[in-house]
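Just the structure for this:
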Amino acid sequence: MKEIENKKEHNIGIDLLKMLAMLFVVCVHIYMQGGVLYAEQYGTVGYYLSSFVYTIVLSAVDCFVIVHGYCACKSKFRLSRLLERWLVVLFWSVIISCGVMFLDRNVRSVSEMISMFFPVLRGRYWFFNAFFVLFMFEPILNHVVATLNKKKYLLMLIAIGVIFCIIPVAALGNDVLKISGGAEFCWFFALYLIGGYLYKFKVLQKINYNNWLNLMIVIILAMLTVAYKGMIEHLTQTLLGKKLFGELLWTNTSPIILGEAIFLFLFFCRLRIKNNSFLAHMVNYISPLVFSIYLIHVHPLIFWHVTVVNAFAPIADLNPLITTISVMGIAGAVYSVCLVLDLIRLGLFKKLRVNEICDKSGREIMKQISKVI
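Reported below is the predicted structural model:
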């Protein structure tokens, strides 16, 4: 069997998964905040089809962080990467706030003016805040990945599974451990370590079954979740008069969602894409920009005040298949518009030599920290 990973070549499948995961993120927001999911009539084909698709796209966050752990555990810590990412966050926070406040005086406030310049301190982007903490702890996490033997590593992952995945389900969704459904940096630590395990112990190289089986497992996991949702909601509706626990498995820490993310990772990593192909060139060009798609479309003034909340609920009245296609189409349109906007930002950053400034600043800061230590 040929090696699945060639150290001399970049794995295009990983970047392709990042691009797809960002499309999943947009779909999640259309289904949930956009109102499509809750506008579906209970018990209909559309209700269960939307639940099925939502179960798959909900794996996006877990996919992102597992991929990051897999790639970053083998690389040297560079503060410049965080500085550059933070400048991108600041850029879109300020630009979008200024644009919306110029068009709509109702959103002009001192609070908004402060928030746009301090997106991290004001909790503007929860994903970036969690990622920010994760990045600062990467050297320690990489030390854990490098030093643990396989037995101890597996025991740690089992403990992670029990704490983050099993206990919240056993507690019927009550956040007894204050995990917030995976919207905290501690869950990102866990996902990072899972990615590190997949890299360190060469899991991809040891798989010898058909790659499409990984995708089939993802579909089966989603189908099982929808089946569970249908049965538990019918049972609680019959016995208690209201639907309960149907969304118990719809969290980032859910064993189902985590399983989907891992098998999607395995599937995309094993895709054989030639590095000199058109697809590879396109992926290499687009994948560094996908983070900005998140920053643009979930900016609070867009997400909560302008366009998103319950805006897409009428789509649920369409034929179930048309509803699904419409959600994907809208997500694709949002994805494309945000991508074009970030291409403009990228051109501006290149002219201003932001990368070089971040590299130089990062090295100088680390040098001063080293002197103090």
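
give the contact list for the closest residue to Gly123 other than its chain neighbours.
With Cβ to Cβ, 6 or more residues apart in numbering as the criterion, Gly123 has its nearest non-adjacent residue at 6.2 Å, and that residue is Asn129. For every residue, glycine as well, the C-beta is placed using N, CA and C. Taking Cβ atoms under 8 Å, 6 or more residues apart in numbering, we find Asn129 in contact with Val120, Gly123, Phe185.

how close does the first one sit to Ala333?
In this view, Val120 and Ala333 are 29 Å apart by Cβ to Cβ, to the nearest Å.

quick one: Gly195 and Cys63 touch, right?
No. Using Cβ atoms under 8 Å as the test, Gly195 is too far from Cys63 to be in contact (10.0 Å).

For Val120 and Ala333, indicate the residue with more neighbours.
Val120 (14 against 11; other Cβ atoms under 10 Å).

tell me the SS of the more buried one?
coil (DSSP: H, G, I helix; E, B strand; the rest coil).

what are the phi and psi angles of Arg270?
phi -90, psi 0 (degrees, to the nearest 10).

Closest to Ile14 out of the contacts of Asn129?
Distance to Ile14, by Cβ to Cβ, is smallest for Phe185 among these, at 22.4 Å.

which residues touch Leu318?
Ser326.

how close does it sit to Ala146?
From Leu318 to Ala146 the distance is 52 Å (Cβ to Cβ).

got it, and Asn106?
With Cβ to Cβ as the criterion, Asn106 and Ala146 are 53 Å apart.

which neighbours do Gly195 and Cys63 share?
Joint contacts of Gly195 and Cys63 (Cβ under 8 Å, 6+ apart) are Phe265.

Quick one: mean pLDDT for stretch 356-363?
Confidence over stretch 356-363 (mean pLDDT, whole number) is 90.

which residues are in contact with that stretch?
Arg78, Leu79, Ser80, Arg81, Leu82, Leu83, Glu84, Leu87.

Which residue is the nearest non-sequential neighbour of the fifth one?
Put plainly, it is Leu82. Phe135 (5.0 Å).

Give me the distance between the nearest residue to Ala183 once chain neighbours are set aside and Val61.
Among residues not flanking Ala183 along the chain, Trp126 sits closest, at 5.7 Å (Cβ to Cβ, 6+ apart). Trp126 sits 10 Å away from Val61, going by Cβ to Cβ.

Break down the stretch 51-200 of the chain into its helices, ranges please.
60-72, 79-103, 110-117, 126-136, 138-147, 150-160, 167-170, 185-200 (DSSP state H, counting those that start in this stretch).

Pick out the shakiest of those helices, pLDDT-wise.
helix 110-117 (a mean of 88).

Show the model's pLDDT score for Lys7.
So, for Lys7, pLDDT stands at 43.

May I ask you to confirm that Val107 is in contact with Val100?
Yes. If you go by Cβ under 8 Å, Val107 and Val100 touch, sitting 5.9 Å apart.

Longest helix in this protein, please.
Longest helix of the chain, by residue count under DSSP state H: helix 320-351.

what angle do the helix or strand that that one is followed by and helix 320-351 make?
Counting by DSSP states H and E, the next helix or strand C-terminal to helix 320-351 is helix 354-372. Angle, helix 354-372 to helix 320-351, by axes from the mean of the first three to the mean of the last three Cα atoms, to 10 degrees: 70 degrees.

mind listing the helices for the stretch 201-350 of the chain?
Under DSSP H, counting those that start in this stretch, the stretch 201-350 of the chain gives helices at 203-206, 212-240, 255-269, 278-286, 290-297, 300-303, 320-351.

Kindly state which of those is positioned closest to Phe91.
Here helix 320-351 is closest among the helices of the stretch 201-350 of the chain (Cβ to Cβ), at 6.2 Å.

And the closest one, what's buried?
The neighbour-count check on helix 320-351 (16 or more other Cβ atoms under 10 Å) flags 320, 323-324, 326-328, 330-331, 334-335, 338-339, 341-342, 345, 349 as buried.

now swap in stretch 191-201 and tell me
So, applying 16+ other Cβ under 10 Å, buried residues of stretch 191-201: Leu191, Tyr192, Leu193, Ile194, Gly195, Gly196, Tyr197, Leu198, Tyr199, Lys200.

Just give the nearest non-adjacent residue to the residue sitting nearest the centre point of the chain, would you?
Nearest residue to the geometric centre of the chain (Cα atoms, centre = their mean): Val61, 2.3 Å. Spatial nearest neighbour of Val61, excluding adjacent residues (Cβ to Cβ, 6+ apart): Asn252 at 5.2 Å.

Quick one: residues contacting that neighbour.
Leu58, Val61, Asp62, Gly181, Gly182, Ala183, Trp187, Leu258.
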